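Enquirer: Have a look at this fold, sequence not included:
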């Protein structure tokens, strides 16, 4: 049983930590076809360094592991979701992938030879 009176020190919220590859692989495996899981992991590594709190505001508003851009011209409809939650980010990233393939992550996909 978890002892709520015990001081376990500062717990790192899931929304602000670097995941390890097996965690990202497990998330990708939930939503991408098996033959794309490796690619999804590689893209997440390039896009966010596997940091759940990754946030690029340099001319865009890209959030989370797969850096989903919620800015104008991208996916503003997703801005209401907590894309810093790794499972939510993985879910929507896979949906975006189903629609546009790896083109949504053009720079990373090109660097990885996916395009």
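Expert: Perfect, I can see it now. Worth saying up front: this structure is predicted, and the values here are computed from it rather than measured. Numbering: from 1, shown residues only.

Enquirer: And residue 71, which helix or strand is it part of?
Expert: When elements are assigned from DSSP states H and E, residue 71 belongs to no helix and no strand.

Enquirer: thinking it is in contact with residue 60, fair?
Expert: Yes: at 4.9 Å, residue 71 counts as touching residue 60 under the criterion of C-beta atoms under 8 Å. From N, CA and C alone the C-beta is placed, and that goes for glycine too.

Enquirer: Show the average pLDDT along stretch 71-88.
Expert: Averaged across stretch 71-88, pLDDT comes to 91.

Enquirer: ok, and what's touching it?
Expert: Residues outside stretch 71-88 that contact it (C-beta atoms under 8 Å, 6 or more residues apart in numbering): 14-16, 19, 23-24, 27, 30, 52-53, 55, 60-65, 68-70, 89, 92, 96.

Enquirer: One more pass at 6 Å, please.
Expert: 15, 27, 52-53, 60-61, 63-65, 68, 70, 89, 92 (C-beta atoms under 6 Å, 6 or more residues apart in numbering).
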